[in-house]
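Peer 1: What would the 3D arrangement of this be:
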Amino acid sequence: MENNRNFLIAMALSIAVLVGWQFLVVSPRMEAQQQEAERIAAEQGSLQTPQTSAGTDQSDIAAPSGRESVISSPQLPAAQDREAVIANGNRVPIDTPELSGSINLTGARLDDLRLKNYHETVDESSPTIVLLSPEQLPNGYFSENGILVPGQGPVVGASTEWQAEDGARLTHDSPVTLTASQGDLTIRRTISVDDHFMFTIEDQIENTGSEAVSVSPYGRIVRYSKPEVAAAYVLFEGLLGVFGEEGLDEVSYSSIEDDQRVDQPRSTGGWLGITDKYWATTLIPEGNRAFESRFLYRTGQRPHYQTEFVTDALTVQPGESVTSLTRNFAGAKVVDRIEGYEEALEIRQFGQLIDWGWFYFITRPMFYALDYIYTLIGNFGVAILIVTVILKLFFFPLANKSYKSMARMKTVQPKIMELRERFKDDKQKQQQEMMRIYKEEKINPAAGCWPILIQIPVFFALYKVLYVTIEMRHAPFFGWIQDLAAPDPTSIFNLFGLIPIEMPYILMVGVWPILMGITMFIQMRLNPTPPDPTQQMIFTWMPVIFTFMLASFPAGLVIYWTWNNFLSIIQQSVIMKRNGAKIELWDNLRGLFRRKEKTS
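Peer 2: Numbers count the residues shown, from 1 in each chain. Below is the predicted model of the structure:
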């Protein structure tokens, strides 16, 4: 029994490590992230455009494919906010069911994109999410496609002025066509977008000269800012891609800052881009054309991150044309859409854009189960409760056997105590006699560990699902829980909102964490009080500690744990009663509050 308790303590402390990480690291970083977002929003427009030593405005962006020349940008207005920068340029509007923004005709860049159906907060009147922004802004973030002539550099790139028809407007059922000329090359670019977040860019490159020309289409994503990383080892944010048979490669912001440059293997098939927790921007080269790619970090006048690819050269004969196709994904990482793109467009391992983690074989089924039930009932919180019941039923035989063994162990507890007293000076003999009794009574001393072991992978899988899937973002439950992926917003320290004061995150201990602590306390008190004083202290204070720690976890996870504890209390009580074992709850509660007699 003592070994069993030690194992339970070890399991609890293992969970406490994760809880402590969330409580001491993740929550402060989330708060800092919110403050940083507010600061950037306030400072937009305050950035002066950097200048080169020659005095001309240029963007300090490395050219693709290892060429170190600076790609010139058009004259950039200084000290303007987002709206002024966008209004200052020539643009083609974007308006689809899920996207709004514009294409910058200087460079034909995607640098102005909002996600219509996603807001910054649960308040539907709050601003929608801004994904891409013009280069001039502090949080500049854009996607660009161009054409290189090997050995000469870009002929169609950042400074190219594209022409569009009057009244051109990109919608999900109405593509736009842009044209540009450079020397003997005339490029006709058709940009289309589907109902969601996938852009298709098709370039028809015509050679009007008298000699053959070799051209290499390229694409790049440039970002001047980075998000506050929410949690190391829990969520990946940074530069990533799938490169042929090499598979997925992820390079964090901190790693690329150290390495400056990461060259990827030459590939046919794959994709690359930059991902956040819920959003991503990727480039998908034509599937049957080989390309070279790399990740970059440039520390010039304006440090920035860059992913880029360059395809193998195409030869355009005089009077002929060739066609190049690239796809750009820019939007929310909705699971069924990401996986739908992978299947429909044959994009290799595109589903790995979503960070399922190492235990994806548990995480993904957990998400699919929750999502399926959600489609039936329309509430992810209720889906969590139902999945918990299903898991309880699925593991019932194992848990039932475990609780029966624990109940039988209680019935022989007097014999065990007698053995300990009789052989207190002979530990080896004590263990031999205890194992003899366990064998005669068909008791497994480690049986009580199984309910904990079952709960741990489910706990981690649900934590991951709540943390990384956008379907859980701003998903309401009932009452005051309007976002299952965020902590319970109430606090006992301001009487759950009755006192109009804002509490620091460390004191945000809401209703659901308190209910979780109560159910955890009751479940632990169903078992006899450990004889060891240290174990007594741990078992007494553990529910209190977990209440404070789990208060910073997503509310959906706390709801799961509370509901699971409640079901376990009922299950264990019924099984113990059927097996004739005494339920220790009331005796333990009386003993907890009974004044201890002083020893002389």
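Peer 1: can we go C-alpha only for contacts and neighbour counts from here?
Peer 2: Fine.
Peer 1: show me the residues around the spatially most central residue of the chain that make contact.
Peer 2: What sits nearest the mean C-alpha location of the chain, by Cα atoms, centre = their mean, is Val468, with 3.0 Å. Residues in contact with Val468, defined by Cα atoms under 8 Å, 6 or more residues apart in numbering, are 235, 277-278, 354-356.
Peer 1: Which helix runs longest in the protein?
Peer 2: Here the longest helix in the chain is taken by residue count, with DSSP state H as the criterion, and it is helix 555-578.
Peer 1: how about the nearest residue to Phe566, chain neighbours excluded?
Peer 2: The spatial neighbour of Phe566 that comes closest, neighbours along the chain excluded (Cα to Cα, 6 or more residues apart in numbering), is Thr519 at 6.1 Å.
Peer 1: How many neighbouring residues does the one you found have?
Peer 2: 22 (other Cα atoms under 10 Å).
Peer 1: and what of the one 4 residues further on?
Peer 2: Neighbourhood size, Gln523 [other Cα under 10 Å]: 20.
Peer 1: do Leu495 as well
Peer 2: When neighbours are counted by other Cα under 10 Å, Leu495 registers 12.
Peer 1: Check it and give its pLDDT.
Peer 2: Each residue has a pLDDT score; the one for Leu495 is 78.
Peer 1: do the same with Gly479
Peer 2: Gly479 is assigned a pLDDT of 89 by the prediction.
Peer 1: Against Val511, how distant is it?
Peer 2: Distance, Gly479 to Val511, using Cα to Cα, to the nearest Å: 11 Å.
Peer 1: Go ahead and name everything in contact with the host helix or strand of Tyr368.
Peer 2: Secondary-structure element containing Tyr368, defined by DSSP states H and E: helix 360-377. Defining contact as Cα under 8 Å, 6+ apart, one finds that helix 360-377 is touched by 356-357, 380, 382-384, 387, 457-458, 461-462, 464-465.
Peer 1: for the residues you listed, which one is nearest Pro97?
Peer 2: The shortest separation between Pro97 and any of the contacts of helix 360-377 is 24.1 Å, and it belongs to Phe380 (by Cα to Cα).
Peer 1: circling back: gap between the helix holding Tyr368 and the chain center?
Peer 2: A distance of 16 Å separates the C-alpha centroid of helix 360-377 from that of its chain, computed with Cα atoms, centre = their mean, to the nearest Å.
Peer 1: Am I right that Ile575 is in contact with Asn400?
Peer 2: Yes: Ile575 sits in contact with Asn400 when judged by Cα atoms under 8 Å, with a separation of 7.3 Å.
Peer 1: In TSV: the contacts of helix 360-377, plus distance to Glu418 and secondary structure.
Peer 2: Written out in TSV, the entries for the contacts of helix 360-377 read as follows (distance: Cα to Cα, whole Å; DSSP: H, G, I helix; E, B strand; the rest coil):
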residue	distance to Glu418	secondary structure
Trp356	51	coil
Gly357	49	coil
Phe380	52	helix
Val382	49	helix
Ala383	49	helix
Ile384	46	helix
Val387	44	helix
Pro457	38	helix
Val458	39	helix
Ala461	43	helix
Leu462	44	helix
Lys464	47	helix
Val465	49	helix
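Peer 1: from those residues, which would you call buried?
Peer 2: When neighbours are counted using 16 or more other Cα atoms under 10 Å, the contacts of helix 360-377 contain these buried positions: 356-357, 380, 382-384, 387, 458, 461-462, 464-465.
Peer 1: Now compare those and name the two farthest from each other.
Peer 2: When those are compared pair by pair using Cα to Cα, the maximum separation belongs to Gly357 and Val382, at 24.8 Å.
Peer 1: Now tell me what touches stretch 420-427 from outside.
Peer 2: Residues from elsewhere that reach stretch 420-427 (Cα under 8 Å, 6+ apart): 429-430.
Peer 1: What residues sit buried inside that stretch?
Peer 2: Burial within stretch 420-427, assessed by neighbour count using 16+ other Cα under 10 Å, is assigned to Arg420.
Peer 1: In contact with the closest residue to Arg348 other than its chain neighbours, which residues are there?
Peer 2: Here the nearest residue to Arg348 in space, its sequence neighbours aside, is Gly270; by Cα to Cα, 6+ apart that works out to 5.4 Å. Each residue near Gly270 by Cα under 8 Å, 6+ apart is listed here: 241-244, 284-285, 287, 347-349.
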